[in-house]
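Novice: this is the structure alone, sequence omitted:
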């Protein structure tokens, strides 16, 4: 009994790994953007004005990364009030019922010294499906850089089966992620070369 109490005391008193022992990054909204493109008879290109992206690690191994992107769907901005209104409607983003679009990574695979396949769950309109975000990284090893990525999905897989009057639009939606990141603490990341 005394041994188990001493063991418990030792566990409680031993320092736990702190955030300072893992790389900690922040995303800088200035210089970052999340954009989309849909092939259409009238250009359907836009961005989101409000979003949040976090990049966390459980160790200095770059493949332990978790990328979590949350987008405020109602901030869609195509430069056209008519298009924005249609995209916010129940036919597309359904922002009143499902205000957030999210991508949360589940696995990171380094495919070259500067590129990665980020597998994750993509959620839009209350539908969640596995998708892959293909990323490239610049500024590797400096503690600051840019993460650029692309992902494509079929809008009909997420219940967006309607069209826009007088506009022919494709089913494939291409998303571009451009994130400026800065390391704020912890050791440098370790990459596979």
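Specialist: Cool, got the structure. As the structure is a computational prediction, the values presented were derived from the model and not from experiment.

Novice: pretty sure residue 24 sits against residue 188.
Specialist: No: shown here, residue 24 and residue 188 do not form a contact pair, counting by C-beta atoms under 8 Å, at 11.7 Å. All C-beta spots, glycine's among them, are computed from the backbone N, C-alpha and C.

Novice: what's the first helix or strand after the lowest-mean-pLDDT helix or strand in the chain?
Specialist: Scoring the helices and strands of the chain by mean pLDDT, DSSP states H and E places helix 2-13 at the bottom, with a mean of 41. Downstream of helix 2-13, the first helix or strand assigned by DSSP states H and E is strand 24-40.

Novice: so how far is that next one off the chain centroid?
Specialist: On the basis of C-alpha atoms, centre = their mean, to the nearest Å, strand 24-40 sits 9 Å off its chain's mean C-alpha point.

Novice: give me the helices and strands touching it, please.
Specialist: strand 44-48, strand 51-56, strand 169-185 (3 or more C-beta pairs under 8 Å, 6 or more residues apart in numbering; DSSP states H and E).

Novice: how much does it deviate in direction from strand 44-48?
Specialist: Per axes from the mean of the first three to the mean of the last three C-alpha atoms, to 10 degrees, the angle that strand 24-40 makes with strand 44-48 is 160 degrees.

Novice: so what touches strand 24-40?
Specialist: Taking contacts as C-beta atoms under 8 Å, 6 or more residues apart in numbering, the residues outside strand 24-40 that touch it are 44-48, 51-57, 69, 71, 146, 155, 164, 167-170, 172-186.

Novice: and these, which of them are buried?
Specialist: 44, 46-48, 51, 53, 55, 57, 69, 71, 155, 164, 169, 173, 175, 177, 179-181, 183, 186 (16 or more other C-beta atoms under 10 Å).

Novice: list the contacts for residue 78?
Specialist: 44-46, 84, 87.

Novice: what angle separates the strand or helix carrying residue 68 from strand 44-48?
Specialist: Assignment of secondary structure by DSSP H and E places residue 68 within strand 66-72. With the same axes, to 10 degrees defining the directions, strand 66-72 sits at 110 degrees from strand 44-48.

Novice: residue 62: which of the helices and strands packed on strand 24-40 is closest?
Specialist: strand 51-56 (10.5 Å; C-beta to C-beta).

Novice: give me the distance from that closest one to the chain's centre.
Specialist: Strand 51-56 sits 7 Å away from the centroid of its parent chain (C-alpha atoms, centre = their mean).
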